[in-house]
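K.L.:
sequence first, predicted coordinates after that:
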Amino acid sequence: MGLGEVSVVETMSIHEAAKFLHLNHETLRRLAQSGKIPAAKPGKKWVFIKADLADWLRSQYSQSRRTLLSESNSGD
């Protein structure tokens with residue numbers, strides 16, 4: 001990106017983000033408050049960046065998959 005160019009970032013409300021992640025909005029709020037999911041609260045409302053949520057979701061999938069693989073290999 002060159003000088004003067006602006007990157008457009010798609011943001012989501014807590015309800016939009018909860019729907020995207022298939023989570024209850026209160027569960028998502030607790031994850032955001034504890035810092036376990038990327039979020040910001042610049043005022044009174046939580047704001048989520050869609051790309052960050054997708055990255056977080058991928059990391060959860062990878063972690064779950066690694067756990068499953070290690071459990072299946074430990075039964076030898």
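P.N.:
Noted; the coordinates are in hand.

K.L.:
so who does the residue nearest the centre of the chain touch?
P.N.:
Nearest to the mean C-alpha position of the chain, by Cα atoms, centre = their mean, lies residue 53 at 3.0 Å. With contacts taken as Cβ atoms under 8 Å, 6 or more residues apart in numbering, residue 53 has the following neighbours: 12, 17, 20, 21, 37, 38. No exception for glycine: its C-beta is placed from N, CA and C like everyone else's.

K.L.:
so, low pLDDT: which residues of this structure?
P.N.:
Residue ranges of the chain with pLDDT under 70: 1-2, 62-66, 68-70, 73-76.

K.L.:
which residues of it fall in helices?
P.N.:
Ranges of helices in the chain, per DSSP state H, are 14-21, 25-33, 50-73.

K.L.:
which one of those lies nearest to residue 43?
P.N.:
Ranking the helices of the chain by distance to residue 43, with Cβ to Cβ as the measure, places helix 14-21 first at 12.8 Å.

K.L.:
got the buried residues for that closest one?
P.N.:
Buried residues in helix 14-21, counted by 16 or more other Cβ atoms under 10 Å: 14, 17, 18, 21.

K.L.:
so what secondary structure elements neighbour that helix?
P.N.:
helix 25-33, strand 48-49, helix 50-73 (3 or more Cβ pairs under 8 Å, 6 or more residues apart in numbering; DSSP states H and E).
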